[in-house]
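# I'll drop the sequence and a predicted model, then ask my questions.
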Amino acid sequence: MNKVQLQNEVQLKGKKAQEASYEMTALQPDDKNQALQLIAEQIKADQDFILKENKKDIDTGRDKGMTEAILDRILLSPARIEDMAEGIEQIVKLTDPIGETLETIEKENGLFIEKRRVPIGVVGMIYEARPNVTIDAATLSLKTGNAVILRGSSSAKYSNVALVKSIHTALQKSNVPVDAVHLIDDTSRETAREFFQLNEYLDVLIPRGGKNLIDTVVRESTVPVIETGAGNCHVYIDETAKQKMAEKIVLNAKLQRPSVCNAIESLLIHKVWFDQYGVELLEKLNEQGVEIRADDHAAQFFSKAKPASADDWHTEYLGLAISVKLVDDVKEAVQHINKYGTRHSESIVTENASHAALFQQKVDAAAVYHNVSTRFTDGFEYGYGAEIGISTQKLHARGPMGLPALTSSKFYINGNGVIRE
């Protein structure tokens, strides 16, 4: 496929998606919900085919030497397909935000002004590995009356094609246009660059993946971007933290699913707490296969640790490794997090209410927790149904992005022959 053909694919699908987005504005909630329910049923009906195609991606990934953490992101199973279908059904039950009146203004001259929630239009989604994002992005976009163009990575190309085929089969039985969901087939960098600059048809571009992908999209895109987050997340154990609570939170935040963005990558420990309980905690992590990369102080007391380099404080491992630093107080912890964190999810474990308040006020992140695992930064856990990503920027949307994050607004102005004097 030559460059002109690549451009033609992106341009053609952009044009079709835009035309579909205009049709979407006239759909009623029941139309969209019916389409979503059909998608949920279709992916379950097509499970055997989807899993067969997913196995191609897994086998290819193993041949290329991908890590188990990355393969886990790609892997689909009957349980994960069931979870995706259940997530769609949860979205069906959510209130449709489109048409919601956000503000009303009545002027003395007879103008009646309403600000209403409307679809964004055409959402572009570029993402790595996880094929479940194909379903999340498509269904959330459809629920909010948007068309969506998906561009997954080569590591999950067979899975993504299979899932979009199921989506299209379902949409053919509904009032939602099939062209409301498109997948860019070619996964080359040339196609990606064309996608980044599809201003004529895309209204917003959302990257979801590692830091390199997000940085590339932010740097090269001419389409407006909602920046979703790499997750260099931290737990800080304060001096007054209860031992068992701290251990439970750290082990959950690191081990429950190490390959995801809301798993912790760094552990900050108050020196006084470490002197009492720190070695025991590091031993428990190490017993679970976690490689400890510690600062000089911690490494003196835990011989199995590797010395942490300057790069470790920046690193999102997405696997069984963690950086460990000892600090003097909560202020030092906050300074470290604000310097090295990615504004995603941060947690303090403490019995000191004023320390918890200071941490939550001063840490610059989308989600700040007190005595809670960072693994809760998730659209399902927040009651949004599925999420299209976790925004780490501050404009338009921040944190897990549910339905309202995929909307814009429009002013509707009515009068009776009103003119401006």
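Looks like it came in fine. Numbering: from 1, shown residues only.
# can you give me the helices for the stretch 1-150 of the chain?
3-24, 29-45, 47-63, 68-74, 78-93, 132-143 (DSSP state H, counting those that start in this stretch).
# list the buried ones in the fourth one?
Right, helix 68-74. 69, 70, 71, 72, 73, 74 (16 or more other C-beta atoms under 10 Å). The way it works is simple: take the backbone N, C-alpha and C, and place the C-beta from them, glycine included.
# what would those look like in a markdown table with distance to residue 263 and pLDDT?
What follows is the buried residues of helix 68-74, written out as a markdown table (distance: C-beta to C-beta, whole Å; pLDDT from 0 to 100):
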| residue | distance to residue 263 | pLDDT |
| --- | --- | --- |
| 69 | 10 | 79 |
| 70 | 14 | 86 |
| 71 | 16 | 92 |
| 72 | 12 | 89 |
| 73 | 12 | 87 |
| 74 | 17 | 95 |
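# columns distance to residue 253 on top of those, output as a markdown table?
Output for the buried residues of helix 68-74, formatted as a markdown table (distance: C-beta to C-beta, whole Å):
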| residue | distance to residue 253 |
| --- | --- |
| 69 | 15 |
| 70 | 20 |
| 71 | 22 |
| 72 | 17 |
| 73 | 18 |
| 74 | 23 |
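# which one among the residues you listed gets closest to residue 238?
residue 69 (29.5 Å; C-beta to C-beta).
# before we move on, the earlier item: adding distance to residue 108, write the helices of the stretch 1-150 of the chain out as a markdown table.
What follows is those, written out as a markdown table (distance: least, C-beta to C-beta, whole Å):
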| stretch | distance to residue 108 |
| --- | --- |
| helix 3-24 | 36 |
| helix 29-45 | 35 |
| helix 47-63 | 60 |
| helix 68-74 | 58 |
| helix 78-93 | 43 |
| helix 132-143 | 39 |
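# deepest-packed of the ones you listed, please.
The highest average neighbour count among the helices of the stretch 1-150 of the chain, using mean count of other C-beta atoms under 10 Å, belongs to helix 132-143 at a mean of 27.
# which residue ranges form the helices in the stretch 251-400 of the chain?
271-273, 279-287, 296-301, 330-340, 353-362.
# which helices and strands sit right next to the second one?
For helix 279-287, the elements it packs on are helix 243-255, strand 291-294, judged by 3 or more C-beta pairs under 8 Å, 6 or more residues apart in numbering; DSSP states H and E.
# who does the shortest one touch, helix- and strand-wise?
The elements that strand 291-294 packs onto, with contact taken as 3+ C-beta pairs under 8 Å, 6+ apart, are helix 279-287, strand 306-307, strand 321-327.
# who does that strand pair with, and is each partner parallel or antiparallel?
Applying DSSP bridges to the sheet, strand 291-294 is found paired with strand 306-307 (parallel), strand 321-327 (parallel).
# run the angle between the longest one and helix 279-287 for me.
Direction vectors for strand 321-327 and helix 279-287, defined by axes from the mean of the first three to the mean of the last three C-alpha atoms, to 10 degrees, enclose an angle of 170 degrees.
# flag every buried residue along the helix or strand where residue 215 lies.
Per DSSP states H and E, residue 215 falls inside helix 211-220. For helix 211-220, the buried set under the neighbour-count rule, 16+ other C-beta under 10 Å, comprises 213, 214, 216, 217.
# which residues does residue 226 contact?
204, 205, 206, 389, 391, 393, 396, 397, 401, 405 (C-beta atoms under 8 Å, 6 or more residues apart in numbering).
# hmm, try it at 7 Å
For residue 226, the contact set (C-beta atoms under 7 Å, 6 or more residues apart in numbering) comprises 204, 206, 391, 393, 396, 397.
# ranking the helices and strands packed on helix 279-287 by burial, who's on top?
The most buried one of the helices and strands packed on helix 279-287 (mean count of other C-beta under 10 Å) is strand 291-294, showing a mean of 21.
# on that earlier part again, nearest to residue 315, of the helices of the stretch 251-400 of the chain?
helix 330-340 (9.2 Å).
# output the contacting helices and strands for the closest one.
Counting contacts by 3 or more C-beta pairs under 7 Å, 6 or more residues apart in numbering; DSSP states H and E, helix 330-340 packs against strand 321-327, helix 353-362.
# run through who's touching that helix.
Outside helix 330-340, the residues touching it (C-beta under 7 Å, 6+ apart) are 232, 234, 236, 238, 268, 313-314, 325, 327, 346, 355, 358-359, 362-364.
# which one of those residues is nearest residue 118?
Scanning the contacts of helix 330-340 for proximity to residue 118, where the rule is C-beta to C-beta, the winner is residue 364, at 31.0 Å.
# is it true that that closest one touches residue 343?
Yes: assessed by C-beta atoms under 7 Å, residue 364 is found in contact with residue 343 at 5.7 Å.
# tell me which of these two has more neighbours.
residue 343 (25 against 13; other C-beta atoms under 10 Å).
# now tabulate the strands paired with strand 291-294 in CSV and tack on mean pLDDT and distance to residue 165.
Putting these into CSV (pLDDT from 0 to 100; distance: least, C-beta to C-beta, whole Å) gives the following:
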stretch, mean pLDDT, distance to residue 165
strand 306-307, 95, 46
strand 321-327, 98, 37
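# mean neighbour count and distance to residue 146 added to those, as JSON lines?
Below are these laid out as JSON lines (neighbours: other C-beta atoms under 10 Å; distance: least, C-beta to C-beta, whole Å):
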{"stretch": "strand 306-307", "mean neighbour count": "12", "distance to residue 146": "46"}
{"stretch": "strand 321-327", "mean neighbour count": "24", "distance to residue 146": "38"}
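# now for the ones you listed, which one comes closest to residue 150?
strand 321-327 (31.1 Å).
# just want the angle from the closest one to helix 243-255.
140 degrees.
# ok, which of the helices and strands packed on strand 291-294 comes nearest residue 158?
Using C-beta to C-beta, the nearest of these to residue 158 is strand 321-327, at 29.7 Å.
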